[in-house]
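> Kindly return the folded structure for what I paste below:
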Amino acid sequence: MAVTTTKTWQFNLNNIVLSDNTVSGTNAHFDRRSMLLGIKNALKGFGTQPWTVVSSSDSSTSGASDLWVDEGDLVWRDDDGAAAFSWIVLRQTAISTTFDLLITCEEDSVNNDGSRMGAWVAQAGFTGGSTTVRPTATDERQLRDSTNFGWWGSGGDGGTYTYRWHAMQSTDGQCTRVLTFVNDVNTGFWFFDKPANPLSQWTNPYVASIQGSNDITTNECSFARYYDTAQGGSQFGGLAIGLYLSGEGFGSAAVGEQVTVPNQQDGTFIASEMGLCSLSSTFTGRMGEMFDLWWGFSFAGTGSYYPDTGTKTYVQVQDMIFPWDGSTLIGTK
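Reported below is the predicted structural model:
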């Protein structure tokens, strides 16, 4: 494997949240509120080009400040559109001047446990919002389902779990990634990136995704999730588009899916650069690339490090290879 990072990276890794289904004034489990709060604080806490909070609600108050101070400020509601609930708008100006991420604490069940949430991104910036109504944007792109809302990395409904989570961001702020784990299974993957080498016609390009499994056995950083389906979200001319994370392949699948051993001549592992491809109407074609993210061999699996000198400069999570800081990746075991 011979790869070189384009960007420099800052890390917040190997965070642990212990299993705890205490509700304490909200029907979301304490462990899920704790992990989401920790991820928010990590995005705000990067030393260079951190995300900033534009506005938020803790269900009692809303306004232009960060009201998510502790776990009790994250209050879920079922999708009835009436009850008070928590939400937050985070901004990353390195992607575009008013690139915003909106997270809402909502589910589709009165027995909410915090395993699902709402999520949108926008480049025009989110405005408005109250303790009962989320902010909106003219060009918002939904990342989590509007009817049932979506799993975001906390495992399926009902259970309570011990979590490990990891966040990383390029020092220029253009790329942010979040990984969550339960029992060494990669249950969630978030990214918010400015693409490399975007097509010139793609004005204000970005790609964003929040994916989580509805159980604790499905890995998110997989060929099945991102190579075979269009899980990267963006906008083009007011059209919501889906983007595949492409890679080197032959026959009917990626190289890393089909080859089951290291190269039999020199023993090397593959690291295939990721492209961004679309089949959306009026936006069909290869549109750009991902910075510093590669497809590996499926058989290598989570916890494989590169190079083999022991520096742990890169780590594999399921089928994807990420820049790393030399530490040992810990799931939960």
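> Pull the distance from stretch 278-296 to the chain's centre.
When distances are taken as CA atoms, centre = their mean, to the nearest Å, stretch 278-296 is centred 17 Å away from the chain's centroid.
> nope, stretch 106-121 is what I meant
With CA atoms, centre = their mean as the basis, stretch 106-121 stands 16 Å off its chain's centre.
> Equivalent analysis for stretch 20-33, please.
22 Å.
> which residues does residue 112 contact?
27-28, 76-78 (CB atoms under 8 Å, 6 or more residues apart in numbering). Using the backbone N, CA and C atoms, a C-beta is placed for each residue, glycine as well.
> so where do the helices sit in the protein?
Assigned by DSSP state H, the helices in the chain fall at 30-45, 255-258.
> Kindly reformat the ones you listed as a markdown table containing distance to residue 122.
Output for the helices of the chain, formatted as a markdown table (distance: least, CB to CB, whole Å):
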| stretch | distance to residue 122 |
| --- | --- |
| helix 30-45 | 16 |
| helix 255-258 | 34 |
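> With respect to residue 139, which of those lies nearest?
Nearest of the helices of the chain to residue 139, taken as CB to CB: helix 30-45 at 21.2 Å.
> which strands and helices sit next to that closest one?
Packing partners of helix 30-45 (3 or more CB pairs under 8 Å, 6 or more residues apart in numbering; DSSP states H and E): strand 9-17, strand 86-91, strand 163-170, strand 175-182.
> Which of the ones you listed sits closest to residue 287?
That would be strand 175-182 among the helices and strands packed on helix 30-45, by CB to CB, at 16.4 Å.
> Can you give the distance of that closest one from its chain's centre?
6 Å.
> Okay, now the sheet partners of that strand, with direction.
Next to strand 175-182 in the sheet, as set by DSSP bridges, lie strand 163-170 (antiparallel), strand 185-193 (antiparallel).
> still on that earlier bit, can you put the helices and strands packed on helix 30-45 in JSON lines and add mean neighbour count and distance to residue 51?
Shown next, in JSON lines, are the helices and strands packed on helix 30-45 (neighbours: other CB atoms under 10 Å; distance: least, CB to CB, whole Å):
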{"stretch": "strand 9-17", "mean neighbour count": "17", "distance to residue 51": "12"}
{"stretch": "strand 86-91", "mean neighbour count": "25", "distance to residue 51": "5"}
{"stretch": "strand 163-170", "mean neighbour count": "24", "distance to residue 51": "8"}
{"stretch": "strand 175-182", "mean neighbour count": "26", "distance to residue 51": "7"}
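> Looking at the contacts of residue 112, which one is closest to residue 243?
Nearest to residue 243 among those, with distances taken as CB to CB, is residue 76, at 29.6 Å.
> how is the protein carved up into domains?
The record's domain parsing of the chain by automatic domain parsing lists 19-161, 165-333.
> Make a markdown table from those domains and add distance to residue 13 to it.
What follows is the domains of the chain, written out as a markdown table (distance: least, CB to CB, whole Å):
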| stretch | distance to residue 13 |
| --- | --- |
| domain 19-161 | 10 |
| domain 165-333 | 5 |
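> Now tabulate the ones you listed in TSV and tack on distance to residue 11 and mean pLDDT.
TSV is the format used below for those (distance: least, CB to CB, whole Å; pLDDT from 0 to 100):
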stretch	distance to residue 11	mean pLDDT
domain 19-161	9	91
domain 165-333	5	92
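> Indicate which one of these is closest to residue 5.
Across the domains of the chain, residue 5 has its closest neighbour in domain 165-333 (4.8 Å, CB to CB).
> Distance from that closest one to the middle of the chain?
Distance, centroid of domain 165-333 to centroid of chain: 11 Å (CA atoms, centre = their mean).
> and what of stretch 125-137?
That offset, for stretch 125-137, works out to 22 Å (CA atoms, centre = their mean).
> Kindly report the same for stretch 108-122.
Put simply, stretch 108-122 sits 15 Å off its chain's centre (CA atoms, centre = their mean).
> got the end-to-end distance for that stretch?
End-to-end span of stretch 108-122 (CA to CA, to the nearest Å): 23 Å.
> thinking again about what came up before, save the contacts of residue 112 as CSV, and put in distance to residue 237 and neighbour count too.
Shown next, in CSV, are those (distance: CB to CB, whole Å; neighbours: other CB atoms under 10 Å):
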residue, distance to residue 237, neighbour count
27, 41, 17
28, 37, 27
76, 35, 27
77, 34, 22
78, 35, 17
